[in-house]
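In: generate a structure from the sequence data that follows.
(one chain, ligands or ions: 1)
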Amino acid sequence: MRSVKFLILPFVVLSLACSSSSGGTATPPPPPPPSGNNVHVQNDYFTPGQLTTTAGSTVTWTWYSNGVSHHLQFEDGPSDAVRNSGSYQRTFTTSGTVRYRCLIHSTDYTSGMVGSVVLH
Ligand SMILES: [Cu+2]
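Out: Residues are numbered from 1 along each chain as shown. Got it, this is the predicted structure:
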């Protein structure tokens, strides 16, 4: 009898811990804020929306979108494939401002899911 109690108790504790999250789909915690030349692709925005760095820098966009697809289209031409995970890198060689957007969640480079890289 005593050994049965010891088997059941951990199971009950685990069940209670798991039932505290509501709903069926667990949402992972938000990622820590990006630092350096990093941008997070989230739903439906970029963090930071404007990244300031130096010409010659490589910027990395990493998807934290919980499986939702987003896309990068740069105003000066390059684009990434539509994706829902992973990352994309681009090296900027000249100074100036390059705007970009997610084609799925914006209609132009000024509203919706838009961002920019300012290069000095
Ligand atoms: Cu998007």
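In: all strands of the protein, in order?
Out: In the chain, the segments counted as strands under DSSP state E are 38-42, 45-47, 50-53, 58-63, 73-74, 87-91, 96-106, 112-119.
In: average model confidence for the longest one?
Out: So the one you mean is strand 96-106. Here strand 96-106 scores 98 as its mean pLDDT.
In: show me what that strand is packed up against.
Out: strand 73-74, strand 112-119 (3 or more CB pairs under 8 Å, 6 or more residues apart in numbering; DSSP states H and E). Any C-beta I mention is one placed from the backbone N, CA and C, and that applies to glycine too.
In: go through those and pick out the most buried.
Out: With neighbours defined as mean count of other CB atoms under 10 Å, the helices and strands packed on strand 96-106 peak in mean count at strand 112-119, which reaches a mean of 19.
In: get me the contact residues on this structure for the ion.
Out: Asp44, His70, Cys102, Ile104, His105, Met113 (CB under 5 Å from the ion).
In: give me the low-pLDDT residue ranges for this protein?
Out: Residues of the chain meeting the criterion pLDDT under 70: 1-25.
In: right, and Asp80 touches His71 too?
Out: Yes: using CB atoms under 8 Å, Asp80 is in contact with His71, at 6.5 Å.
In: quick one, what contacts the nearest residue to Leu51 once chain neighbours are set aside?
Out: Nearest residue to Leu51, sequence neighbours excluded (CB to CB, 6 or more residues apart in numbering): Val117, at 5.1 Å. With contacts defined as CB atoms under 8 Å, 6 or more residues apart in numbering, Val117 is in contact with Gln50, Leu51, Thr52, Thr53, Val59, Phe92, Thr97, Val98, Tyr100.
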